[in-house]
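**Q** Next come a sequence and a model predicted from it.
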Amino acid sequence: MPVYLDHAATTPISASALAALTTVIARSGNPSSLHGAGRRARATVEQARETIAAAAGAHPTEVIFTSGGTEADNLGVKGLFWSRRAAEPARNRILVSSVEHAAVQDTVEWLEKHEGAQALWLPVDADGTLDLAALEAELADGGADSVALISCMWANNEVGTVEPIAEIVALADSYGIPVHSDAVQAFGSIDVHFRDSGLAAMSISGHKIGGPVGVGALLLGRAITLTPVQHGGGQERGVRSGTLDTAGIAAFAAAAQEVTQNLAAESQRIAGLRDAVIAAVRELVPDAVLRGVDPAQRPAGRLPGNAHFTFPGCEGDSLLFLLDMAGIESSTGSACTAGVPRPSHVLLAMGLDEDTARGAQRFSLGHTSAPEDVEAFVKALPNAHARAKTAGMAAHVSSIETASTRDR
Ligand code: PLP
């Protein structure tokens, strides 16, 4: 069996979620129908809504079901932008962190291109933590009146950095600006409490916490108005039309309940495994550099399941492939465009140069991870790394040769 170290991409479905999914999917009934089957489906959805609300520290009416994190991000960012600008046309700016997942980043870029939005990409420090002084300066400069919303993820999917959401919301609050946060990686991994956070909107996703792929939610404050992205039957407070996925929602709720009930013990257990991975990489590959917050210095600054390194002289993709051949499933952490790897925008925002950023590898742990996984990783890493480094050097030499041939 391969060792799965890519829980940040998706984590295996939990037993309770699978049981809920298979039980409920066998039943028929549209939760919007008025007959018995419809009412039973509605009851399942509403029970799940209460469970998810309790797990995320929200009121049940604040849970808007979506098809996942991407849709929740689109709805949160576009919906807040349109609604705030409709109320006050001068509000066309979006302040957004420069380390967002594509689901937020591309949404903001789309709003810039098609809706006349102006984005300000807020800087982060070398660990990927949002620069609060930059945000404060931007707001204090009299620029707050033109801000439609602020969006900053709760925790980063590549380097695992936990962002200062409380401080961001406190700053935004003094200007009455709503804040959206993509909590897809944070929810189920660290303490996330929607109401206490003061956020206007927050995205979560089922398949990152042991639920199925294709279901998620936008938590939306009761007083917050949102312009819908998709139109139809007016489900979900009229902001997210579409027949609800009763089985997916029931399974999402089962996973949310399980993960939040066991959060304290599990996050400690997983952080222990993560620390073992970090220690092993540092010992076996001394020139590898941990990216993001060092948990030995600031434990709360990093997700318990995330270890991310850059390996000098290696291409992340080669290392990924060689580790995969050795039975270790990891990730470079960032997406590629049409199969062409590009250096991660997150690492570039943290100040890395392109060459260094290309050597990135993320090892992420989750509920099925065990000490044996770390042992297998420790066995496989030296050889995979040595071969990736040789391949990296060969590629480097051949690119120099190609360039000098061209020069001639
Ligand atoms: N936001 C973050 C931070 C993520 O890590 C992901 C998934 O990789 C998403 C959003 C997208 O979520 P989904 O796969 O549910 O659409």
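**A** It's in. Numbers count the residues shown, from 1 in each chain.

**Q** where exactly do the helices run in this protein?
**A** Assigned helices in the chain, in chain order: 15-25, 36-56, 69-87, 102-115, 132-138, 165-173, 194-197, 246-261, 263-284, 316-325, 345-349, 354-358, 371-407 (criterion: DSSP state H).

**Q** Turn those into a markdown table, columns for mean pLDDT, distance to the ligand and mean neighbour count.
**A** C-beta coordinates here come from the backbone N, C-alpha and C atoms, glycine included. What follows is the helices of the chain, written out as a markdown table (pLDDT from 0 to 100; distance: least, Cβ to the nearest ligand atom, whole Å; neighbours: other Cβ atoms under 10 Å):
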| stretch | mean pLDDT | distance to the ligand | mean neighbour count |
| --- | --- | --- | --- |
| helix 15-25 | 98 | 14 | 18 |
| helix 36-56 | 98 | 14 | 19 |
| helix 69-87 | 98 | 3 | 23 |
| helix 102-115 | 98 | 4 | 17 |
| helix 132-138 | 96 | 20 | 15 |
| helix 165-173 | 98 | 13 | 18 |
| helix 194-197 | 98 | 16 | 18 |
| helix 246-261 | 98 | 11 | 25 |
| helix 263-284 | 98 | 17 | 17 |
| helix 316-325 | 96 | 16 | 20 |
| helix 345-349 | 98 | 11 | 21 |
| helix 354-358 | 95 | 18 | 18 |
| helix 371-407 | 80 | 21 | 15 |
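
**Q** okay if I get those helices as JSON lines plus distance to P228?
**A** Below are the helices of the chain laid out as JSON lines (distance: least, Cβ to Cβ, whole Å):
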{"stretch": "helix 15-25", "distance to P228": "26"}
{"stretch": "helix 36-56", "distance to P228": "19"}
{"stretch": "helix 69-87", "distance to P228": "7"}
{"stretch": "helix 102-115", "distance to P228": "15"}
{"stretch": "helix 132-138", "distance to P228": "28"}
{"stretch": "helix 165-173", "distance to P228": "23"}
{"stretch": "helix 194-197", "distance to P228": "20"}
{"stretch": "helix 246-261", "distance to P228": "19"}
{"stretch": "helix 263-284", "distance to P228": "33"}
{"stretch": "helix 316-325", "distance to P228": "39"}
{"stretch": "helix 345-349", "distance to P228": "29"}
{"stretch": "helix 354-358", "distance to P228": "38"}
{"stretch": "helix 371-407", "distance to P228": "43"}
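
**Q** Any idea which of the ones you listed gets closest to L218?
**A** In terms of Cβ to Cβ, the element of these nearest to L218 is helix 69-87, at 4.1 Å.

**Q** picking up where we left off before, among the helices of the chain, which comes closest to P123?
**A** With Cβ to Cβ, the closest approach to P123 among these belongs to helix 132-138: 5.3 Å.

**Q** ok now that closest one, how far from the chain's centre?
**A** Its chain's average C-alpha position is 23 Å from that of helix 132-138, according to Cα atoms, centre = their mean, to the nearest Å.

**Q** Show me what that helix is packed against.
**A** Helix 132-138 is packed against strand 118-122, helix 165-173, with contacts defined by 3 or more Cβ pairs under 8 Å, 6 or more residues apart in numbering; DSSP states H and E.

**Q** partners of the first one in the sheet?
**A** Partner strands and pairing direction for strand 118-122 (DSSP bridges) are strand 93-97 (parallel).

**Q** near the ligand, anything from the partner strand?
**A** No. Strand 93-97 lies apart from the ligand when judged by Cβ under 6 Å from any ligand atom; the minimum separation is 11.2 Å.

**Q** of the helices of the chain, which approaches I150 most closely?
**A** If you check each of those against I150 by Cβ to Cβ, helix 165-173 wins as the nearest, at 5.2 Å.

**Q** ok now the closest one, how far from the chain's centre?
**A** With Cα atoms, centre = their mean as the basis, helix 165-173 stands 20 Å off its chain's centre.

**Q** who touches that helix?
**A** With contacts defined as Cβ atoms under 8 Å, 6 or more residues apart in numbering, helix 165-173 is touched by 130, 132, 135-136, 139, 150, 152, 154, 178-179, 181, 197-199.

**Q** Now with 7 Å, please.
**A** 130, 132, 135-136, 139, 150, 152, 154, 179, 181, 197-199 (Cβ atoms under 7 Å, 6 or more residues apart in numbering).

**Q** would CSV of those residues with distance to H308 be doable?
**A** What follows is the contacts of helix 165-173, written out as CSV (distance: Cβ to Cβ, whole Å):
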residue, distance to H308
L130, 18
L132, 23
L135, 24
E136, 28
L139, 31
I150, 25
C152, 19
W154, 17
V179, 26
S181, 21
S197, 25
G198, 29
L199, 26
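
**Q** From those residues, pick the one nearest A72.
**A** Out of the contacts of helix 165-173, the one with the shortest distance to A72 is S181. That distance is 10.7 Å, counting by Cβ to Cβ.

**Q** can you list the domains in the chain?
**A** 15-260, 263-407 (automatic domain parsing).

**Q** nearest to L5, of those domains?
**A** When those are compared (using Cβ to Cβ), the closest one is domain 263-407, at 4.4 Å.

**Q** Return the distance of the closest one from the chain's centre.
**A** Relative to its chain's centre, domain 263-407 lies at 18 Å (Cα atoms, centre = their mean).

**Q** ok and the residue in the stretch 251-400 of the chain nearest the ligand?
**A** In the stretch 251-400 of the chain, the residue that lies nearest the ligand is A335 (8.8 Å; Cβ to the nearest ligand atom).

**Q** Report the contact partners of that residue.
**A** For A335, the set of contacting residues under the criterion of Cβ under 7 Å, 6+ apart consists of A102.
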